[in-house]
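K.L.:
Here's a sequence, model it:
(chains A and B, ligands or ions: 2)
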Amino acid sequence: MNPAVTDLGELVGREYKEGFVTDIEADTLPPGLNEDVIRFLSAKKDEPDFVLEWRLDAFRRWQNMKQPNWAQVRHAPIDFQAISYYSAPKSDADRPKSLDEIDPKLLETYDKLGIPLEEQKALAGIAVDAVFDSVSVATTFKDKLAKIGVIFCPLSEALANHPDLVRQYLGSVVPAADNFYAALNSAVFTEGSFVYIPKGVRCPMELSTYFRINALNTGQFERTLIIADEGSYVSYLEGCTAPMRDENQLHAAVVELVALKDAQIKYSTVQNWYPGDEEGRGGIYNFVTKRGVCRGDNAKISWTQVETGSAITWKYPSVLLEGDSSVGEFYSVALTNHCQQADTGTKMVHIGRNTSSTIISKGISAGRGQNAYRGLVKVLKGAETARNYSQCDSLLMGDRCGAHTFPYLEVKNPTATIEHEATTSKIGEDQLFYCRQRGLSEEDAVSLIVNGFCKEVFRELPMEFAVEAQKLLSISLEGAVG
Amino acid sequence: MLKISKLTVTVDGKTILNGLDLEVGPGEVHAIMGPNGSGKSTLANVIAGREGYQVTGGSVSFLGQDLLSLAPEKRAREGVFLAFQYPVEIPGVANVYLLKEAVNATRQHRGEEKLDAMDFLKLVREKLKLLQMKEEFLYRSVNEGFSGGEKKRNEIFQMAMLEPRLAVLDETDSGLDIDALKIVADGVNAQRSADRSVILVTHYQRLLDYIVPDRVHVLAGGRIVRSGDKHLALELEAQGYGWVESDPSTVSAA
Ligand SMILES: Nc1ncnc2c1ncn2[C@@H]1O[C@H](COP(=O)(O)OP(=O)(O)OP(=O)(O)O)[C@@H](O)[C@H]1O
Ligand SMILES: [Mg+2]
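P.N.:
Ligands and ions are numbered 1, 2, ... in the order given. You can find the predicted model right below:
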């Protein structure tokens, strides 16, 4: 499957297609978490000392923290000692140097997911870093990118080859002890992608990381760090899937974005982790901390997310608008069906003058799904003439699901302009009948209406990822006339 | 084409249609008039298969099939088209996109190939011209922000695209200005053919000046109480419904 499924309607009722397990020999650490585990992880990756210190510090602080309970989600307490913190395909023990050395089964897995790793077959214009359980298995187009100074590699490799660069930025946006799950991640993170775009470079291709949890009882704790130097531009796409398992699996990632003066980062996520079955058994707990900082004037960060998977999603991609005239955007579609729960939203913190932010959130609830939008717009004292526009729309399908909206506002500067709009609607019988009277099946009608509801978000996704030729056609038809 | 016999329909336990008979032959245009609340839209909705109406008696046959047993989309694909009295808005869905899905669903049903983008656009442009609509309407969301008259015109544009066998136009003339009425009527007339039947629900003789019906029926008290040729509409215009409802000779035999 292509990671960017734009056809939500299709996703609503269908079975989880990515639920296969790959039978690969793996090096897996027994469940449990203590300082030795952290030392093992760090040694396994030959990390510089400062990283181990940083991990241990995070771990010590994490031990004094509590699992947050303010979100609109319910789950049994997680036993962090029952999770394994490292799993790597065995054939990777001595790290593949090229794609030829990769276990063919792994390549097959990514092929099944529609993500070709062999460069000659790779999607035109998209460089992919594939992360399987705890390790990165392949990064495509690395050399081509290196020629223009773009660094795109697994974080562990960046730590080895560019330690000063990583040291300067790691944890500078999401500090080690930012919150419970971020602290856990800082202690045990195993992989993730590192991106650096040099001054004035417009990255010529989409960069993409593909995450897959395969091993049983394994948590995935990747950490992604993207730095866009002055005047640069990068578009980055993250996709994820996991096998179907009866147990819940934990995914606690951290993503840090740094946009310097005049730089622009566009970060898109299509999250399709296993959501659990109809009765709510199994599925991924997706507890993720994502934050970007516009560290220079005129910097811009856009988050676009399409959240269709996971049993529980807890995620608030945020932007700190430090630079004057910097811009933050958040476009989100979150779908919950069956017993899925999502508590997601964003934080926009206006610090510099003349900063602006836009929040477009679309929540879709079906079955017994529970969907909450939680957003904070904060305007600090010095943020003269800040502007925010927020729009939160909820769509309900059936009457056993729920939608909740929690918009928070903290405005310390009177020159701010804040607009907030919210709507909740049921998918209308009259809309369905109208479409069916024109010959569409009920399923197609639902898909059409839902896609229409999400349109403002979908059009922010990179075009290359639009799946069906049919959808592509409609997009190009729409664009044909202004 | 369409044969309705002794149709009885209730909504929330209230009888709206009570033993209605109506027969429409191929190529014929029938006008249905009647007071507000007499059940004209109910009849149109039951033909199209809308939920919420309980058919408690009678039958509807369309091209020899039992229409009532088919799902709404099946009826549409078989060639039943309803121009809505109140067309529905679908935010974010381009008009052209719904049309393409609709046209292809019907083509597929008939075992025809889907139209490719070029052929589809060609067809769309031709029909837009017929209804004198601007191309920008294609790319706006379905009925969203359309004026009342634009919505009605869009319905007839859809009808032109779908080429139904039976079109039921529910008060398509309401809300149209004089010029638009003429354009829409011309659009419907251009689609009249020996194998396409039309049921016009209207309150006004004016529409029937442009689209001249073969038969005119008056719906009251849950059934057709009077039928005639185009002159019946003129009489109604002059005398109102009180005249038909109170004239015992007009009540059809039960
Ligand atoms: N869903 C419904 N619930 C309750 N009553 C209904 C419903 N639909 C129709 N009715 C009632 O059925 C009767 C017939 O309505 P219908 O819309 O068919 O009339 P009409 O002849 O089309 O009127 P108009 O000329 O005003 O369009 C009315 O009394 C109406 O209130
Ligand atoms: Mg009516």
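K.L.:
which residues sit against the helix or strand where A:Glu410 lies?
P.N.:
Per DSSP states H and E, A:Glu410 falls inside strand A:402-411. For strand A:402-411, contacts defined as C-beta atoms under 8 Å, 6 or more residues apart in numbering or on different chains pick out A:72, A:345, A:363, A:365, A:369-379, A:390, A:392, A:394-396, A:418, A:420, A:422, A:424. No exception for glycine: its C-beta is placed from N, CA and C like everyone else's.
K.L.:
quick one: strands adjacent to that strand?
P.N.:
Sheet pairing of strand A:402-411 (DSSP bridges) gives strand A:370-379 (parallel).
K.L.:
Can you give me the buried ones in the strand it pairs with?
P.N.:
A:370-379 (16 or more other C-beta atoms under 10 Å in any protein chain shown).
K.L.:
Make TSV out of the residues you listed and add pLDDT.
P.N.:
Formatted as TSV, these follow (pLDDT from 0 to 100):
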residue	pLDDT
A:Gln370	85
A:Asn371	85
A:Ala372	87
A:Tyr373	92
A:Arg374	92
A:Gly375	93
A:Leu376	96
A:Val377	97
A:Lys378	97
A:Val379	98
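K.L.:
what's the closest of these to ligand 2?
P.N.:
For ligand 2, the nearest member of these is A:Asn371. The distance, counting by C-beta to the ion, is 37.1 Å.
K.L.:
ok, now which ones touch the closest one?
P.N.:
Contacts for A:Asn371 (C-beta under 8 Å, 6+ apart) come out as A:334-336, A:341-342, A:363-365, A:394, A:401-404.
K.L.:
how about the residue nearest the centre of chain B, phi and psi?
P.N.:
The centroid of chain B falls nearest to B:Val168 when counting by C-alpha atoms, centre = their mean (1.6 Å). With angles defined as degrees, to the nearest 10, B:Val168 sits at phi -110, psi 110.
K.L.:
now B:Asp195
P.N.:
phi -110, psi 20.
K.L.:
And what about the closest residue in space to it that isn't next to it in sequence, helix, strand or coil?
P.N.:
Using C-beta to C-beta, 6 or more residues apart in numbering or on different chains and skipping the chain neighbours, the partner closest in space to B:Asp195 is B:Pro26 (5.5 Å). Assigned state for B:Pro26: coil (three-state reduction, DSSP: H, G, I helix; E, B strand; the rest coil).
K.L.:
now B:Pro26: how far from ligand 1?
P.N.:
Separation of B:Pro26 from ligand 1 (C-beta to the nearest ligand atom, to the nearest Å): 26 Å.
K.L.:
The residue of the stretch 351-482 of chain A found nearest chain B sits in which helix or strand?
P.N.:
Chain B sits closest to A:Gly452 of the stretch 351-482 of chain A, with a gap of 3.1 Å, by C-beta to the nearest C-beta. Using DSSP H and E, A:Gly452 maps to helix A:442-453.
K.L.:
Would the helix or strand just after that helix count as contacting chain B?
P.N.:
Downstream of helix A:442-453, the next assigned helix or strand under DSSP H and E is helix A:455-458. Yes - with C-beta under 8 Å from any C-beta of the partner chain as the measure, helix A:455-458 is seen reaching chain B through A:455-456.
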